[in-house]
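structure of the sequence below:
(one chain, ligands or ions: 2)
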Amino acid sequence: MNTIEKDILKVLISEAELKARVREIGGQIAMDYENKDPLFVGVLRGSFMFFADLMRVCPIPCGLDFLAASSYKNATVSSGVVKIDYDIRSNIAGRHIILVEDILDSGNTLYNLAGHLRDRGAASVALCVLLDKPARREKPIQPNYVGFTVPDEFVVGYGLDYADRYRNLPYVGVLKPEVYA
Ligand code: 5GP
Ligand code: MG
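Ligands and ions are numbered 1, 2, ... in the order given. Okay, the predicted model is just below:
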């Protein structure tokens, strides 16, 4: 059978490790937000798997919403400008937001999205990322919840893509170099 597994060089974070860590984060958020009725906001599309698993292990009253963003990579502009392709539909004035993203890399995406949500009147905006790649940070940004810190390698799986593939891998891995060639 033609599967995506054949393109994987190595598994970085296994299914069991993901499951255990997501459960820990869900428990931590449940304690921190027990009586705050938080609104989980998932950044599409990379966060979808983490988002769904996280919500399943966070048994407190809460809401959810999504947004989608893309970053302009312009040769003449070095600072990453982020465009919101799809915005949340909820009224967030006074709400406690937990912004859920797949990976924190340069920080441009979350820095801009958090600002956008604060501008719309959120009472607080916490950042919850599955992966943190601190080596490439450009913005002063500190995530509140981090699943795993990863080295400066391009990773795929568990929601993260390469050319829109590999999002359906149940673990986080690194692609074989020939896949990029
Ligand atoms: P930032 O704005 O923090 O530089 O980038 C965040 C976005 O870049 C993530 O949402 C993700 O889409 C993409 N990204 C950064 N590093 C990786 C990586 O190692 N693998 C994948 N698949 N996407 C990445
Ligand atoms: Mg993304």
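
alpha carbons only for contacts and neighbour counts from here, please
OK.

and the residue positioned nearest the centre of the chain, how far is that from ligand 1?
The centre of the chain sits closest to residue 101, judged by Cα atoms, centre = their mean, with a distance of 1.5 Å. Counting by Cα to the nearest ligand atom, to the nearest Å, the gap from residue 101 to ligand 1 is 6 Å.

show me the beta-bridge partners of that residue.
Under DSSP bridges, the beta-bridge partners of residue 101 are residue 129.

what's the pLDDT at it?
For residue 101, the model assigns a pLDDT of 98.

so which bits of the lengthiest helix in the chain are buried?
Longest helix of the chain, by residue count under DSSP state H: helix 15-32. Using 16 or more other Cα atoms under 10 Å as the test for burial, helix 15-32 gives 18, 21-27, 29-30.

same thing with stretch 127-137?
For stretch 127-137, a neighbour-count test (16+ other Cα under 10 Å) marks 127-134 as buried.

any chance of these in a markdown table with distance to ligand 1 as columns?
Shown next, in a markdown table, are the buried residues of stretch 127-137 (distance: Cα to the nearest ligand atom, whole Å):
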| residue | distance to ligand 1 |
| --- | --- |
| 127 | 12 |
| 128 | 12 |
| 129 | 9 |
| 130 | 10 |
| 131 | 9 |
| 132 | 9 |
| 133 | 7 |
| 134 | 9 |
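
dump those into TSV; add distance to residue 167 as well.
Output for the buried residues of stretch 127-137, formatted as TSV (distance: Cα to Cα, whole Å):
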residue	distance to residue 167
127	21
128	19
129	16
130	14
131	15
132	18
133	18
134	22
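
save these as TSV, and put in pLDDT too.
Below are these laid out as TSV (pLDDT from 0 to 100):
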residue	pLDDT
127	98
128	98
129	98
130	98
131	98
132	98
133	96
134	96
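
check the buried residues of helix 15-32 one by one and keep those near ligand 1.
Contacts with ligand 1 are made by none of the buried residues of helix 15-32, judged by Cα under 6 Å from any ligand atom.

columns pLDDT on top of those residues, output as CSV?
Listed next are the buried residues of helix 15-32 as CSV, based on pLDDT from 0 to 100:
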residue, pLDDT
18, 98
21, 98
22, 98
23, 98
24, 98
25, 98
26, 98
27, 98
29, 98
30, 98
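
ok, those vs residue 146, which is closest?
residue 25 (8.0 Å; Cα to Cα).

out of the buried residues of helix 15-32, the closest to ligand 1 would be?
Of all the buried residues of helix 15-32, ligand 1 sits closest to residue 18, with 16.1 Å by Cα to the nearest ligand atom.

could you pick out the residues of the protein near ligand 1 for me?
So far as Cα under 6 Å from any ligand atom goes, the chain lies against ligand 1 at 102-109, 153-156, 160-162.
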